[in-house]
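**Student:** I'd like to go over a predicted model; first the sequence, then the structure.
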Amino acid sequence: MWDNHRMQMFKDLEERFLRYTGYDTMSAPELCGMRRPTTAGQEELLEHLAAELRGMGLDVGYGSEKVVMGTLKGDPSLSPVAFMAHVDTADDVPGNGVKARVWRDYDGSDIVLDGVTIRTSENPDLQLYRGGTIITSDGTTLLGADDKAGVAIIMEVVGYLSSHPEVRHPDIEVFFTPDEETGDGMSAFPFDQMRSRICYTLDGGPEGEVEAECFNAASALVDFCGEATHFGDGRGRMRSAVTAAAAFVSMLPGSESPQATDGRYGYYAVERMEGTTASARVELLIRDFSSDGFERRIAAVRAAAEAAALMHRVDADCSISVSYRNMADANRKRPEALEAVFRAASRLGMDMHEAIIRGGTDGARLAEKGIASPNLFTGGHCYHSLTEWIALEAMERSASLVLAIIEELGR
Ligand SMILES: [Zn+2]
């Protein structure tokens with residue numbers, strides 16, 4: 001029976017995942033550019049993973065870029081394929097000292113942790129796993145399924161393949177990265193060492209989802225420079241930077257803000273503003289799924305900054321940098337990446353659907369290089385929070401899907 005067979009294939013998945021959650025790998029955005037990885041626990045886990053991969057017989061590289069790269073040799077006549085996950089966890093809530101709790105024969109009721117409750121009313125997907133195994137933290141930290149579930153799934157599949165040489169597969173490249181949550185993880189990625197033109201990231205959420213589209217993303221720094229005088233002598237002389245900054249922000253449409261948009265709507269998000277008469281700065285994010293919409297928004301920000309500056313007789317300087325681009329184009333150019341997912345899923349009798357990410361993944365940075373990088377589910381829910389949870393059965397099905405994708409690519 002497929003189910004029993006699967007349980008045997010991935011028998012170590014639970015133990016492996018729990019072991020990885022024990023590493024203190026919360027990343028520290030404030031240390032980006034100063035330390036890589038930003039925290040020592042990430043380095044410990046990366047070194048541990050490198051050793052585990054070597055133990056499975058893979059060729060492993062782990063250098064100053066602090067990315068673990070492993071290759072499991074396969075049939076050289078097939079195109080190589082890569083899988084990637086990140087070892088760090090978010091810092092939105094405490095992420096170190098994780099004490100995972102395992103809820104076997106889950107009865108379908110609210111899960112009460114220390115200080116917080118995972119409510120079935122807010123988590124209807126819990127009902128899918130009645131009778132199964134749910135893993136949570138103790139309620140004082142996040143769990144870290146984002147993205148240690150992805151790490152564990154990749155390790156388990158590679159472990160299976162390394163001990164089953166009869167399965168025909170291409171060369172499999174494995175990448176484990178630090179500091180994804182800080183947005184800086186890919187800044188030192190060894191792009192030249194990735195041979196695969198398809199790299200699946202295992203960094204998704206609910207079971208059955210594959211994500212092949214994300215935002216185009218930019219950040220903008222708008223600086224206004226005015227002239228301060230004694231307010232009593234201000235008439236005709238004082239030029240207020242902070243007033244111009246406020247005018248600029250009020251020109252951004254409220255109906256195109258994060259709090260007013262969902263689905264495929266893009267937005268402008270003011271992250272921070274500060275200022276005085278003499279100078280003011282606005283930091284904002286620009287997000288849009290379409291390239292045209294993205295360019296329009298960038299032009300609109302520039303025009304609004306200029307208009308605010310003209311109206312208030314100050315100088316404005318607008319610097320905009322692109323953070324990542326929608327991976328949809330790269331995924332469309334290599335349709336075999338998604339096709340393999342859906343063929344594998346239908347062979348397993350698994351319902352899969354495409355979802356869009358109102359954010360980005362490390363895969364979006366690969367897409368810029370023309371590498372198709374769909375993001376596969378791991379089964380986790382409520383990421384970056386104290387109520388994060390994952391069902392072991394969903395992780396197993398994710399691992400089964402990865403293995404079936406590899407088999408599809410080996411045909
Ligand atoms: Zn993640």
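**Tutor:** Structure received.

**Student:** got the CA positions of stretch 29-46 in PDB?
**Tutor:** What follows is stretch 29-46, C-alpha atoms only, in PDB (Å, rounded to 0.1, in the frame of the first residue of the first chain):
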ATOM      1  CA  PRO A  29      18.300  41.700  10.200                       C
ATOM      2  CA  GLU A  30      20.300  44.500  12.000                       C
ATOM      3  CA  LEU A  31      23.500  42.500  11.400                       C
ATOM      4  CA  CYS A  32      23.100  42.200   7.600                       C
ATOM      5  CA  GLY A  33      26.300  43.300   5.900                       C
ATOM      6  CA  MET A  34      28.300  42.900   9.100                       C
ATOM      7  CA  ARG A  35      28.200  39.200   9.700                       C
ATOM      8  CA  ARG A  36      27.300  36.300   7.400                       C
ATOM      9  CA  PRO A  37      25.300  34.400   8.500                       C
ATOM     10  CA  THR A  38      24.000  37.000  10.900                       C
ATOM     11  CA  THR A  39      23.800  34.500  13.800                       C
ATOM     12  CA  ALA A  40      26.100  31.700  15.000                       C
ATOM     13  CA  GLY A  41      23.300  29.100  15.300                       C
ATOM     14  CA  GLN A  42      22.700  29.200  11.500                       C
ATOM     15  CA  GLU A  43      26.400  28.400  11.000                       C
ATOM     16  CA  GLU A  44      26.100  25.400  13.300                       C
ATOM     17  CA  LEU A  45      23.100  24.000  11.500                       C
ATOM     18  CA  LEU A  46      24.700  24.600   8.100                       C
END
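
**Student:** Go through it and flag the buried ones.
**Tutor:** Cys32, Arg36, Pro37, Thr38, Thr39, Gly41, Gln42, Glu43, Leu45, Leu46 (16 or more other Cβ atoms under 10 Å). (Glycine included, C-beta is placed from N, CA and C.)

**Student:** among those, which are in reach of the ion?
**Tutor:** With Cβ under 5 Å from the ion as the criterion, the buried residues of stretch 29-46 include none near the ion.

**Student:** Strands along the stretch 51-200 of the chain, start to end?
**Tutor:** Taking DSSP state E, counting those that start in this stretch, the strands of the stretch 51-200 of the chain run over residues 59-62, 68-72, 81-86, 101-103, 111-112, 117-118, 134-136, 172-177, 199-202.

**Student:** Just put the ones you listed in JSON lines and tack on mean neighbour count, mean pLDDT and distance to the ion.
**Tutor:** Converted to JSON lines, the strands of the stretch 51-200 of the chain look like this (neighbours: other Cβ atoms under 10 Å; pLDDT from 0 to 100; distance: least, Cβ to the ion, whole Å):
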{"stretch": "strand 59-62", "mean neighbour count": "16", "mean pLDDT": "96", "distance to the ion": "21"}
{"stretch": "strand 68-72", "mean neighbour count": "23", "mean pLDDT": "98", "distance to the ion": "16"}
{"stretch": "strand 81-86", "mean neighbour count": "27", "mean pLDDT": "98", "distance to the ion": "6"}
{"stretch": "strand 101-103", "mean neighbour count": "15", "mean pLDDT": "97", "distance to the ion": "21"}
{"stretch": "strand 111-112", "mean neighbour count": "16", "mean pLDDT": "98", "distance to the ion": "22"}
{"stretch": "strand 117-118", "mean neighbour count": "17", "mean pLDDT": "98", "distance to the ion": "19"}
{"stretch": "strand 134-136", "mean neighbour count": "23", "mean pLDDT": "98", "distance to the ion": "17"}
{"stretch": "strand 172-177", "mean neighbour count": "24", "mean pLDDT": "98", "distance to the ion": "10"}
{"stretch": "strand 199-202", "mean neighbour count": "26", "mean pLDDT": "97", "distance to the ion": "8"}
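
**Student:** closest one to Phe289 among those?
**Tutor:** Evaluated over these, closeness to Phe289 peaks at strand 199-202, with 18.4 Å, by Cβ to Cβ.

**Student:** Which strands or helices does that closest one pack on?
**Tutor:** Counting contacts by 3 or more Cβ pairs under 8 Å, 6 or more residues apart in numbering; DSSP states H and E, strand 199-202 packs against strand 81-86, helix 145-162, helix 362-367, strand 375-376, helix 392-409.

**Student:** Whether the fourth one contacts the ion - can you check?
**Tutor:** So that's strand 375-376. No. Shown here: strand 375-376 not in contact with the ion (Cβ under 5 Å from the ion), separated by at least 9.1 Å.

**Student:** in its sheet, what does the helix or strand following that strand sit against?
**Tutor:** Next along the chain after strand 375-376, taking DSSP states H and E as the criterion, comes strand 380-381. If you go by DSSP bridges, strand 380-381 pairs up with strand 389-391 (antiparallel).

**Student:** Out of the buried residues of stretch 29-46, which sit inside helices?
**Tutor:** Gly41, Gln42, Glu43, Leu45, Leu46 (DSSP state H).

**Student:** thought the last one was touching Lys66?
**Tutor:** I take that to be Leu46. Yes. Using Cβ atoms under 8 Å, Leu46 makes contact with Lys66 at a distance of 6.3 Å.

**Student:** what do these two both touch?
**Tutor:** When contacts are counted by Cβ atoms under 8 Å, 6 or more residues apart in numbering, Leu46 and Lys66 have Pro37, Pro178 as shared neighbours.

**Student:** Turn the strands of the stretch 51-200 of the chain into JSON lines, including distance to Val341.
**Tutor:** Shown next, in JSON lines, are the strands of the stretch 51-200 of the chain (distance: least, Cβ to Cβ, whole Å):
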{"stretch": "strand 59-62", "distance to Val341": "26"}
{"stretch": "strand 68-72", "distance to Val341": "20"}
{"stretch": "strand 81-86", "distance to Val341": "12"}
{"stretch": "strand 101-103", "distance to Val341": "29"}
{"stretch": "strand 111-112", "distance to Val341": "31"}
{"stretch": "strand 117-118", "distance to Val341": "29"}
{"stretch": "strand 134-136", "distance to Val341": "25"}
{"stretch": "strand 172-177", "distance to Val341": "16"}
{"stretch": "strand 199-202", "distance to Val341": "8"}
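
**Student:** quick one: contacts for Arg313?
**Tutor:** Arg313 neighbours (Cβ under 8 Å, 6+ apart): Arg239.

**Student:** Can you say which helix or strand has it in it?
**Tutor:** Here Arg313 is assigned to no helix or strand, by DSSP H and E.

**Student:** Now do the same for it: its pLDDT.
**Tutor:** Arg313 is assigned a predicted lDDT (pLDDT) of 98.

**Student:** again with Met9
**Tutor:** Reported pLDDT for Met9: 75.
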